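Undergrad: This is the structure alone, sequence omitted:
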């Protein structure tokens, strides 16, 4: 059982690190947009970029609530209960964590593509 719990803890730590990377990429993306906005010469372009930045924030918030992202409200309290109160097996917990890990990797890849696309436009 200790081996399984260690595996779960390791996966949770990986997910936490991935969320940190996603936040870092999001910050870099926002910096790129800010630099792009400051380089704009006319106010019409600035208004368009601000609108696109607002849409990006909405999109990021929506992505964090995406169907592929499983939110655990009780990760620090031993979250081994399902929403209906039944005990969740360690195998299901591992599957959930693996799903979160895959979703985080996909989100990182999407953010990297957006960042590269923004850099190409400079």
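TA: Looks like it arrived, so ask away. Since the model is a prediction, treat every value here as computed from it, not as a measurement.
Undergrad: From residue 99, how far out is residue 22?
TA: Applying Cβ to Cβ, to the nearest Å, the value for residue 22 to residue 99 is 16 Å. Quick note: C-beta positions are derived from backbone N, CA and C, even for glycine.
Undergrad: more neighbours, those two?
TA: Taking other Cβ atoms under 10 Å, residue 22 and residue 99 do not tie; residue 22 has more neighbours (19 against 13).
Undergrad: Tell me the helix or strand right after the helix or strand of the chain with the lowest mean pLDDT.
TA: Least confident helix or strand, the chain: helix 43-64 with a mean of 54, by mean pLDDT, DSSP states H and E. The helix or strand immediately downstream of helix 43-64 is helix 90-120, counting by DSSP states H and E.
Undergrad: Can you list the low-confidence ranges for the protein?
TA: The chain contains residues with pLDDT under 70 at 1, 38-85, 122.
Undergrad: how does it look with 80?
TA: 1, 32-88, 121-122 (pLDDT under 80).
Undergrad: Longest helix in it, by number of residues?
TA: Secondary structure of the chain per DSSP state H: the longest helix is helix 2-39.
Undergrad: tell me which residues of that helix are tucked away?
TA: The neighbour-count check on helix 2-39 (16 or more other Cβ atoms under 10 Å) flags 8, 11-12, 14-15, 18-19, 21-22, 25-26, 29, 32-33, 36-37 as buried.
Undergrad: same for that helix, what does it pack against?
TA: helix 43-64, helix 90-120 (3 or more Cβ pairs under 8 Å, 6 or more residues apart in numbering; DSSP states H and E).
Undergrad: What is the nearest of the buried residues of helix 2-39 to residue 112?
TA: Taking Cβ to Cβ as the measure, residue 112 lies nearest residue 25 of the buried residues of helix 2-39, at 6.6 Å.
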